[in-house]
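*Asks:* Predicted model follows, preceded by the sequence.
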Amino acid sequence: MILASFRKPLFILIAGSIVLALAFGIRHSFGIFLIPISKNNNWGREVFAMGLAFQNLMWGIWQPFAGRVSDRMGAGYAVLIGAILYSLGLLLMGIISTKTGFVIACGILGVGISGVTFPIFGAISRSVPPEKRSVSIGIAMACASLGQFIMLPVSLILLQNFGATLAFIILSAFSLVMVFLSISMFEKPIEHIEAQDLSLKEVLTEAFYNKGFWFLCFGFFVCGFHLLFIMTHVPSFLIDKGLSPQTGTIVLALIGLFNIIGTYSTGVFGSKIRKPLILSFIYGSRAVIILIFILFPITNLTAYLFASLIGLLWLSTIPPTQGTIITVFGVKNMSMLYGIAFLFHQVGAFLGGWIGGKVYDLTGSYNIVWYISIALGVFGAIINYPIEEKSLSKFERRVA
């Protein structure tokens, strides 16, 4: 009876939002650890960047499997296992000092992230009526953004007062709260939500033969490249320009703060405006903002303006991307199909994080990666525009 009360839509939304706030918030702070950990272990920046890149790649690889578990068994199993691995990964990142060990620890955390993030959206989507899905996802993503805003100063305080190792250990202990919150995501056995009960092969076939799905995937690749490059390297980029470490922390915090507005807004607008059009606007706007940012002198003011504007476009791609997948393919297999699209996102993240560190170690500058980011933003704007947002009929599903 008590467990049933925790399965109510409101409880699922609240618990899921808190888990997202912790999961996204803690990992959003990793950029402020780049220089301290690299100096403590006498590494170049590529090692830390490779660790975070591998983390995101493992997140992407395991996301479809976590999504499949969520779609078939309920999100609770994915969230519980993910929370345990998330905490373990943080602990190991703090206590391991070898290059290979650090990268492996980051990978463990990446597997954990796959369980405590997007399966939650499946649980939320299945718990509310169709007309409330877009707004509910927007609310959940806004809470994830609030977590980014809150956890950055918390992480900085821990780093400055206890050092990187103990800071990671404390964050690891704190993340165990997600284990308790997974209770509400243990859904009732998932019944046939749609008339068609497609096999795994049929689900994948209908997606892979739909060009709009591929366009979404390639657009999401761009999103991943942007996010991890900025999150990992912008604090160090600003220090290189003579600004303080606190400025970099404020920049990441502002991204999280303004992301609350961005994610909620695209969740709301997604029910009124064609979602692929929203995605084209987001990617194109990123390209323009990045270009203006690097052309002007880097000061505290321009850094804060950049963070505020890019924050509006940060995770705002998620509601329209998820919403488009739900509209075209339905909610039953949403977590798995979104997981496949997200794999592309994380391949982009891997390259954005790793190339940023590699290019800096080779050239002493991030300029090349900034221009790559601009070109990818233009590409993302172009490729999302023609996507058709319409549900596949039963006949189309069977012959896709």
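*Replies:* Received it, and whenever you're ready, just let me know what you need.
*Asks:* low pLDDT regions in the stretch 301-400 of the chain?
*Replies:* Residue ranges of the stretch 301-400 of the chain with pLDDT under 70: 331-335, 391-400.
*Asks:* got the contact list for Val19?
*Replies:* 79, 83, 116, 120, 178, 181-182 (Cβ atoms under 8 Å, 6 or more residues apart in numbering). Every residue, glycine included, has its C-beta placed from N, CA and C.
*Asks:* quick one: average pLDDT of the helix or strand where it lies?
*Replies:* For Val19, the host element (DSSP states H and E) is helix 9-28. Mean pLDDT, helix 9-28: 89.
*Asks:* I'd like to know how far Ile318 sits from Ile104.
*Replies:* Between Ile318 and Ile104 the computed distance is 28 Å (Cβ to Cβ, to the nearest Å).
*Asks:* Among these two, which residue is more densely surrounded?
*Replies:* The residue with more neighbours, out of Ile318 and Ile104, is Ile318; 26 against 18, by other Cβ atoms under 10 Å.
*Asks:* all strands of the stretch 301-400 of the chain, in order?
*Replies:* In order along the chain, the stretch 301-400 of the chain carries no strands (DSSP state E, counting those that start in this stretch).
*Asks:* Show me what the longest helix seen in the chain is packed up against.
*Replies:* In the chain, with assignment by DSSP state H, the single longest helix is helix 130-175. Packing partners of helix 130-175 (3 or more Cβ pairs under 8 Å, 6 or more residues apart in numbering; DSSP states H and E): helix 9-28, helix 34-40, helix 75-95, helix 118-127, helix 245-269, helix 318-329.
*Asks:* Which one, of these, ends up nearest to Leu152?
*Replies:* When the helices and strands packed on helix 130-175 are compared by Cβ to Cβ, helix 245-269 sits nearest Leu152, at 4.3 Å.
*Asks:* what angle separates the closest one from helix 318-329?
*Replies:* Counting by axes from the mean of the first three to the mean of the last three Cα atoms, to 10 degrees, helix 245-269 lies at 30 degrees to helix 318-329.
*Asks:* Give me the residues contacting stretch 90-108.
*Replies:* 26, 40-41, 43, 47-48, 50-52, 54-55, 57-58, 85, 88-89, 109, 164-169, 171-172, 175.
*Asks:* and with 6 Å instead?
*Replies:* 41, 47, 50-51, 54-55, 58, 85, 88-89, 165, 168-169, 171-172 (Cβ atoms under 6 Å, 6 or more residues apart in numbering).
*Asks:* ok, so of the contacts of Val19, who is nearest Met336?
*Replies:* Ile120 (14.3 Å).
*Asks:* The closest one - how many residues pack around it?
*Replies:* Neighbourhood size, Ile120 [other Cβ under 10 Å]: 31.
*Asks:* out of the contacts of Val19, which are buried?
*Replies:* Using 16 or more other Cβ atoms under 10 Å as the burial test, the contacts of Val19 include 79, 83, 116, 120, 178, 181-182 as buried.
*Asks:* for those, which one is nearest Phe11?
*Replies:* Among the buried ones among the contacts of Val19, and counting by Cβ to Cβ, the member closest to Phe11 is Leu181, at 9.9 Å.
*Asks:* Can you classify that closest one by secondary structure?
*Replies:* helix (DSSP: H, G, I helix; E, B strand; the rest coil).
*Asks:* Could you verify my assumption that it touches Ile14?
*Replies:* No. Counting by Cβ atoms under 6 Å, Ile14 is not a contact partner of Leu181; they are 8.9 Å apart.
*Asks:* if we can go back for a sec, just give me the closest of the contacts of Val19 to Ser285.
*Replies:* For the contacts of Val19, the residue nearest Ser285 by Cβ to Cβ is Ile120; the value is 27.2 Å.
*Asks:* which non-adjacent residue is nearest the closest one?
*Replies:* Gly16 (4.1 Å; Cβ to Cβ, 6 or more residues apart in numbering).
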